[in-house]
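*Asks:* Provide a 3D model corresponding to the input given below.
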Amino acid sequence: MGSVQRVLLRMLAVLSLGVAFIGVVTPGLPTTEFVLLAAWAAARSSPALHAWIMRNRLLGPLLAQWQSGRLPRRAKWAATASMTAAGTFAALTIPHRLSVLIIVACMACVLFWLWRKPEP
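*Replies:* Next up is the predicted model:
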């Protein structure tokens, strides 16, 4: 992996991590998606940052559950709420109905998959 790509992934990890921490204390702002994105980007760009994320007392347990194939019900509801809000926003702002249909269908597939994951 090139150094530019590594720097961009590290920036994505740090930005996602910041949004995830804001989501921990902000109702309605999803945390899980940003934690997963931060862990993924950090694993590919900064082993030290990835290790820190995995050891973090707030984020580590969520990632451990995800890696074990489990997802807490709270995370499922947060994903459902954020995708519902995003789908509603898309329906209200995107004039092309086919685009909205594709977006909502993709979200529905992801939600179906998420809700089928076992809970801890």
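*Asks:* May I ask which helix or strand encompasses Thr80?
*Replies:* Thr80 belongs to helix 73-93 when assigned by DSSP states H and E.
*Asks:* how about the residue positioned nearest the centre of the chain, phi and psi?
*Replies:* A centroid search over the chain (C-alpha atoms, centre = their mean) returns Glu33, at 1.0 Å, as the residue closest to the centre. For Glu33, the backbone dihedrals (degrees, to the nearest 10) come out as phi -60, psi -40.
*Asks:* Contacts for the helix holding Thr80, please.
*Replies:* 28-33, 62, 99-100, 103-104, 107, 110-111, 114-115, 117, 119 (C-beta atoms under 8 Å, 6 or more residues apart in numbering). C-betas here are computed from N, CA, C, even on glycine.
*Asks:* How about stretch 37-51?
*Replies:* 1, 5-7, 9-10, 12-14, 16-17, 20, 53-54, 59, 63.
*Asks:* ok, 10 Å please
*Replies:* Stretch 37-51 is contacted from outside by 1, 5-21, 52-54, 59-60, 62-63, 66-67, using C-beta atoms under 10 Å, 6 or more residues apart in numbering.
*Asks:* With only the CA atoms kept, save it in PDB.
*Replies:* Output of stretch 37-51 as PDB, limited to C-alpha atoms (Å, rounded to 0.1, in the frame of the first residue of the first chain):
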ATOM      1  CA  LEU A  37     -15.200   2.100   9.700                       C
ATOM      2  CA  ALA A  38     -12.500   3.500  12.100                       C
ATOM      3  CA  ALA A  39     -11.400   0.000  13.000                       C
ATOM      4  CA  TRP A  40     -11.300  -1.100   9.400                       C
ATOM      5  CA  ALA A  41      -9.300   1.900   8.200                       C
ATOM      6  CA  ALA A  42      -6.900   1.800  11.200                       C
ATOM      7  CA  ALA A  43      -6.300  -1.900  10.600                       C
ATOM      8  CA  ARG A  44      -5.100  -1.100   7.100                       C
ATOM      9  CA  SER A  45      -3.100   2.100   8.000                       C
ATOM     10  CA  SER A  46      -2.000   2.200  11.600                       C
ATOM     11  CA  PRO A  47      -1.500  -0.900  13.800                       C
ATOM     12  CA  ALA A  48      -1.000   1.300  16.800                       C
ATOM     13  CA  LEU A  49      -4.300   3.100  16.300                       C
ATOM     14  CA  HIS A  50      -6.100  -0.200  15.600                       C
ATOM     15  CA  ALA A  51      -4.700  -1.700  18.800                       C
END
